[in-house]
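**Q** sequence first, predicted coordinates after that:
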Amino acid sequence: MKSYDEVKFILSDIEPTEAMYEKLTEEDIPHLKNILKEQEPWLASRAVFAISRFNTVKTNRILYRLASDPRMEIRVSLASCANALPLEVSEKIISKLVKDKEPGVRKFAYQSVLPNATPLFIKRLKKVYNKEDVPYLQEVLSNKLSVFDGT
């Protein structure tokens, strides 16, 4: 198992790459969880992306809890990687993020809706659309929903 500092160093590349994340294993999850507490939002955000690569009950629980993180950057990162998660996990997280008060979080949540979303989830998103008060975000969500309406 790598040390905390080694995991932190891996995430500290100037530009995040696939190769950077491939260096991390499930053994590194405890360190990644601790990195989520870092004061530097960019580093904690990279930990979100790293954790999202592991499909375990534990990591899915961690990610779901992050949907309530007080740092907007963390919630945006989570929304942005939600489309790489298994459908059930993705829908659960996106369901929470589409209610976020921050437009940036909602934007990435809308964009991360998976093309194989369940009919019940799409029905809920249509209700969210009716409550969305930012015109640009209405358009983003409308474009996403149009895929499911066949229009």
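**A** Right, received. Where do you want to start? Numbers count the residues shown, from 1 in each chain.
**Q** what residues sit buried inside the strand or helix carrying Arg65?
**A** Assessed by DSSP states H and E, Arg65 sits inside helix 57-66. Along helix 57-66, these residues count as buried under the neighbour rule (16 or more other C-beta atoms under 10 Å): 59-60, 62-63, 66. All C-beta spots, glycine's among them, are computed from the backbone N, C-alpha and C.
**Q** how about residues contacting that helix?
**A** Contacts with helix 57-66, where a contact means C-beta atoms under 8 Å, 6 or more residues apart in numbering, come from 29, 33, 36, 48, 51-52, 74-75, 78, 85-86, 89, 92-93, 96.
**Q** rerun that using 7 Å as the cut-off
**A** With contacts defined as C-beta atoms under 7 Å, 6 or more residues apart in numbering, helix 57-66 is touched by 29, 33, 48, 51-52, 74, 78, 89, 92-93.
**Q** equivalent analysis for stretch 34-49, please.
**A** In contact with stretch 34-49 (C-beta under 7 Å, 6+ apart) are residues 4, 7-8, 11, 16, 21, 32, 66, 71, 73-74, 77-78, 81.
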